[in-house]
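# My questions are about this predicted structure, shown below with the sequence.
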Amino acid sequence: AAAAAAGHGDTEHLASGEDDEGRFDWSQTDDEVEVRVKSLAPEGKGVSKRVKVSYPGGDTILVKVDGEELLRVGPLFARIDPEGCAWTLDGRDLCLSLEKGEARAWAKLTLSGNA
């Protein structure tokens with residue numbers, strides 16, 4: 001698995017990509033999906049306290065800022081483990097790390113809603 005850790009080998013056959021409008025991109029390993037949603041968060045200090053990310057039913061991503069829904073993605077290609085998911089902000093980009101419910105390749109990721 002050293003080749004996979006170095007970015008070669010196992011992950012090369014796994015789907016990844018971005019949407020046509022350039023709103024997000026994503027990649028995956030055998031057990032995680034990484035998603036970057038571009039320019040979703042507002043600017044300013046303390047933004048991370050205003051952003052709430054939840055995973056209703058383990059097959060949806062819900063992002064709210066100041067209680068207003070900005071993004072709902074679901075159903076996902078496969079279930080995720082909400083306990084193993086995390087998110088961070090990189091400027092205005094929202095970076096999601098989703099733990100797969102089972103280690104299998106996702107064929108696609110589609111963001112819909114208000115993104």
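Everything's here; your move.
# all contacts plus neighbour counts: C-alpha atoms, from now on.
Will do.
# Would you list the phi and psi of the residue most central in space within the chain?
The structure's the chain has its C-alpha centroid closest to Val35; by C-alpha atoms, centre = their mean the separation is 3.2 Å. Dihedral angles of Val35 (phi, psi; degrees, to the nearest 10) stand at phi -130, psi 130.
# Same question for Gly57.
Comment: the main-chain dihedrals of Gly57 come out as phi 70, psi 0, following degrees, to the nearest 10.
# got it, and Glu43?
Backbone phi and psi, for Glu43 under degrees, to the nearest 10, turn out to be phi -90, psi 160.
# can you count the residues close to it?
Under the neighbour criterion other C-alpha atoms under 10 Å, Glu43 is assigned a count of 10.
# Contacts only, for the closest residue to it other than its chain neighbours.
Nearest in space to Glu43, with sequence neighbours left out and distances taken as C-alpha to C-alpha, 6 or more residues apart in numbering, is Arg92 at 6.4 Å. By C-alpha atoms under 8 Å, 6 or more residues apart in numbering, Arg92 lies in contact with Lys38, Ser39, Leu40, Ala41, Pro42, Glu43.
# For Gly58, state which of the residues you listed is nearest.
Ranked by distance to Gly58 (C-alpha to C-alpha), these are led by Leu40 at 21.7 Å.
# Touching, that closest one and Gly91? I think so.
No: counting by C-alpha atoms under 8 Å, Leu40 sits too far from Gly91 to count as a contact (9.6 Å).
# more neighbours, those two?
Neighbour totals were compared for Leu40 and Gly91, and Leu40 leads with 20 against 14 (other C-alpha under 10 Å).
# Quick one: residues contacting the more buried one.
Remark: with contacts taken as C-alpha under 8 Å, 6+ apart, Leu40 is in contact with Leu70, Arg92, Asp93, Leu94, Ala115.
# Just put these in CSV and tack on secondary structure.
Shown next, in CSV, are the contacts of Leu40 (DSSP: H, G, I helix; E, B strand; the rest coil):
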residue, secondary structure
Leu70, strand
Arg92, coil
Asp93, strand
Leu94, strand
Ala115, coil
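# so which of the residues you listed is the most crowded?
Comparing the contacts of Leu40 on neighbour count, Leu94 comes out first with 21 neighbours (neighbours: other C-alpha under 10 Å).
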